[in-house]
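**Student:** build me a model:
(one chain, ligands or ions: 2)
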Amino acid sequence: MISVEHLTKRYGDFTAVDDLTFEINEGHVYGFLGPNGAGKSTTMNIMTGCLSATEGHVRIDGYDIFEEPNKAKKLIGYLPEQPPLYLNETPLEYLRFVGEAKGLRGAELKKQIEQVIHQTRIEDVKNRRISSLSKGYRQRVGIAQALLGNPKVIILDEPTVGLDPIQIIEIRDLVKELGQTHTVIFSSHILSEVQAICDQVLIIAKGKLIAFDKPENLEKRLLAPNEIIITSDATAEETKEILAGIDHIIDTNMEEKDTKIIEVHIRTDHDNIYEISRAIFFAFAAKGKALLEMSLKKANLEDIFIELTEKSDDTEILENGTVMETTKSEVSDV
Ligand code: ADP
Ligand code: MG
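**Tutor:** Ligands and ions are numbered 1, 2, ... in the order given. Coordinates of the predicted model:
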């Protein structure tokens with residue numbers, strides 16, 4: 001459906017998009033996830049033919065976006081980060097204008113406008129000035145214009161930014177719904193949002209693609225519990241000595257709560273965290289020291305996201321797009 005090959009965008013000697021290569025298949029919802037400044041908007045602007053590339057290719061259903069822009073663009077509906085809404089117009093007027101610009105006329109134009117108004121649920125406000133609409137409704141009008149011309153692919157750049165929690169849920173539901181009839185690509189810097197909506201996630205940081213997988217796989221691979229938190233009546237010295245005898249401990253972090261109580265965060269690279277928990281339990285018992293508390297902690301998605309994006313300089317991805325094993329051990333270093 002969409003193939004992006006070695007896409008690079010440089011501004012002077014700053015590289016905003018750095019050698020991106022990936023394939024988008026029909027009928028899925030893809031999430032571009034990355035912190036601000038990662039290069040999401042730049043990539044989307046290039047994919048939709050709104051911005052030139054320094055190097056690389058983008059093909060939409062085989063049409064090169066730079067060589068056959070008209071054919072390629074017909075297949076895409078785009079809601080940019082700052083949609084060019086005309087505030088003095090009504091949604092109806094605006095949609096008519098956009099529809100005509102997309103080459104729709106007469107009965108077909110009328111039918112499609114009705115359709116997208118219905119799909120994005122803006123019937124109630126279609127005759128009000130856009131300037132009087134809430135951000136949530138404006139975003140719907142933006143999505144409605146993207147749907148005109150019945151494009152196969154809908155690309156939405158951070159559609160939930162600036163919305164209140166209820167509007168966010170409504171837009172997410174709309175995106176999910178669109179995913180049933182279109183290929184949808186949307187960007188976000190919010191991990192949980194991408195997880196909730198997408199069936200494929202592309203994590204972008206510093207212009208590079210650092211992971212491309214199903215959310216559940218990313219979670220499975222990256223979110224296994226890797227930290228044991230204990231509270232004990234041993235001293236820091238005794239704790240250090242006890243833990244030194246246990247394999248697969250990759251990091252410890254101690255905090256003396258008071259003279260007799262210590263809290264220790266223990267990170268492990270063992271596959272089975274319960275084995276390590278058991279070993280810790282008996283090691284303390286053997287020294288006559290009590291474990292007063294013990295709990296397991298998963299790396300949370302935010303940690304992983306920060307880790308992946310901060311370490312993006314030395315993270316590599318496999319040819320099939322999944323994160324390399326080295327990333328896993330780096331991530332468990334959180
Ligand atoms: P995102 O959408 O992920 O927040 P952008 O694609 O907007 O990121 O920006 C990626 C990087 O490129 C940022 O560091 C931004 O400052 C830079 N950038 C974007 N547009 C320009 C431009 N016209 N000139 C110079 N730098 C730019
Ligand atoms: Mg952006």
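**Student:** where do the strands sit along this structure?
**Tutor:** Counting by DSSP state E, the chain has strands at residues 2-11, 14-24, 29-33, 55-60, 63-64, 76-79, 153-156, 183-188, 200-205, 208-213, 225-232, 249-258, 261-268, 291-298.
**Student:** any idea how far residue 172 is from whichever residue of the chain sits closest to ligand 2?
**Tutor:** In the chain, the residue that lies nearest ligand 2 is residue 41 (3.2 Å; CB to the ion). All C-beta spots, glycine's among them, are computed from the backbone N, C-alpha and C. Using CB to CB, to the nearest Å, residue 41 is found at 19 Å from residue 172.
**Student:** out of the two, which sits in the busier spot?
**Tutor:** Using other CB atoms under 10 Å, the more surrounded residue of residue 41 and residue 172 is residue 41, with 21 against 18.
**Student:** hmm, residue 78 and the more buried one touching each other?
**Tutor:** No: between residue 41 and residue 78 there is no contact under CB atoms under 8 Å: 11.1 Å.
**Student:** state the number of residues packed around the closest residue to residue 137 other than its chain neighbours.
**Tutor:** Distances taken as CB to CB, 6 or more residues apart in numbering put residue 125 closest to residue 137, at 5.4 Å, once the chain neighbours are dropped. Residue 125 has 20 neighbouring residues, counting by other CB under 10 Å.
**Student:** hang on, the earlier thing: redo the strands of the chain as CSV? Include distance to residue 106.
**Tutor:** Shown next, in CSV, are these (distance: least, CB to CB, whole Å):
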stretch, distance to residue 106
strand 2-11, 31
strand 14-24, 33
strand 29-33, 33
strand 55-60, 27
strand 63-64, 27
strand 76-79, 21
strand 153-156, 24
strand 183-188, 28
strand 200-205, 38
strand 208-213, 43
strand 225-232, 61
strand 249-258, 68
strand 261-268, 66
strand 291-298, 57
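**Student:** okay if I get those strands as a markdown table plus mean pLDDT?
**Tutor:** Below are the strands of the chain laid out as a markdown table (pLDDT from 0 to 100):
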| stretch | mean pLDDT |
| --- | --- |
| strand 2-11 | 97 |
| strand 14-24 | 96 |
| strand 29-33 | 95 |
| strand 55-60 | 96 |
| strand 63-64 | 96 |
| strand 76-79 | 96 |
| strand 153-156 | 97 |
| strand 183-188 | 95 |
| strand 200-205 | 91 |
| strand 208-213 | 90 |
| strand 225-232 | 89 |
| strand 249-258 | 89 |
| strand 261-268 | 93 |
| strand 291-298 | 89 |
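**Student:** what residues does the stretch 1-150 of the chain put near ligand 1?
**Tutor:** Proximity of the stretch 1-150 of the chain to ligand 1 (CB under 6 Å from any ligand atom) is limited to residues 11, 14, 16, 34, 36, 37, 38, 39, 40, 41, 42.
**Student:** what domains does the record give for the chain?
**Tutor:** Split into domains by automatic domain parsing, the chain comes to 2-220, 225-297.
**Student:** nearest to residue 132, of the strands of the chain?
**Tutor:** Of all the strands of the chain, it is strand 76-79 that lies closest to residue 132, at 20.4 Å by CB to CB.
**Student:** now do the contacts for the residue nearest to residue 137.
**Tutor:** Going by CB atoms under 8 Å, 6 or more residues apart in numbering, residue 125 touches 91, 133, 137.
**Student:** interface residues of the stretch 1-150 of the chain facing ligand 2?
**Tutor:** For the stretch 1-150 of the chain, the residues in contact with ligand 2 (CB under 5 Å from the ion) are 40, 41, 81.
**Student:** tell me the contacts of the last one?
**Tutor:** Residue 81 is in contact with 41, 157, 158, 161, counting by CB under 8 Å, 6+ apart.
**Student:** what's the closest non-adjacent residue to it?
**Tutor:** In space, and not counting its chain neighbours, residue 81 is closest to residue 157: 4.4 Å by CB to CB, 6+ apart.
**Student:** the one you found reaches residue 185, doesn't it?
**Tutor:** No: taking contacts as CB under 8 Å, residue 157 lies outside contact range of residue 185: 9.2 Å.
**Student:** which one of the two has more residues nearby?
**Tutor:** In terms of neighbours (other CB under 10 Å), residue 185 is the more surrounded of residue 157 and residue 185; the figures are 26 against 23.
**Student:** what's near enough to touch the more buried one?
**Tutor:** Per CB under 8 Å, 6+ apart, neighbours of residue 185: 2, 24, 29, 30, 31, 32, 44, 47, 153, 154, 155, 156.
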